[in-house]
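Asks: coordinates only, no sequence provided:
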């Protein structure tokens, strides 16, 4: 699972195996070790109606409604986003696609990029 934070937005990107683990457990976590502290980021199923998030004890928890989870894992749907109030926290969760350009990271577990067909 990858996390991207920019200004007032948080985005999680999940590989195929991440999505599978999340589907099985309703929970997925990873962390960034800063030596004396870690930033933990969590994805958790909720019975709410929209994406939401909390930040507590160095942990970002993104809550994804169960109805979204079912659609996300069983269809080609790329992801979901919340509709924040003006100046609210923007949240996005999406499947991680392979890059169209050459990158050094292992992308063998990423989803096929739908734009790759268009570039042929």
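Replies: All right, it came through fine. Keep in mind the model is a prediction, meaning the values are calculated, not measured.
Asks: name every strand pairing with the strand ranked longest in the chain and say which way it goes.
Replies: Among all segments of the chain classified by DSSP state E, the strand with the greatest residue count is strand 38-46. Its sheet considered, strand 38-46 pairs with strand 27-33 (antiparallel), strand 59-65 (parallel) by DSSP bridges.
Asks: pLDDT of stretch 52-62, averaged?
Replies: Over the span of stretch 52-62, the pLDDT mean works out to 97.
Asks: check which residues of that stretch are buried.
Replies: 53, 60-62 (16 or more other CB atoms under 10 Å). To be clear about C-beta, it is placed using only N, CA and C from the backbone, and glycine gets the same treatment.
Asks: can you check stretch 40-54 too?
Replies: When neighbours are counted by 16+ other CB under 10 Å, the buried residues of stretch 40-54 are found to be 41-43, 45-46, 51, 53.
Asks: what do you get for stretch 81-88?
Replies: By neighbour count, and taking 16+ other CB under 10 Å as the criterion, the buried residues in stretch 81-88 are residue 82.
Asks: what's in contact with it?
Replies: 8, 50-52, 89-93 (CB atoms under 8 Å, 6 or more residues apart in numbering).
Asks: measure it end to end?
Replies: According to CA to CA, to the nearest Å, stretch 81-88 extends 13 Å from its N-terminal end residue to its C-terminal end residue.
Asks: please apply the same query to stretch 75-89.
Replies: The distance separating the two terminal residues of stretch 75-89, taken as CA to CA, comes to 27 Å.
Asks: and for stretch 24-43?
Replies: Using CA to CA, one end of stretch 24-43 lies 13 Å from the other.
Asks: residues in contact with that stretch: which ones?
Replies: Here stretch 24-43 has contacts from 1, 3, 12, 14, 18, 21-22, 44-45, 58-62, 64, 69, 93, using CB under 8 Å, 6+ apart.
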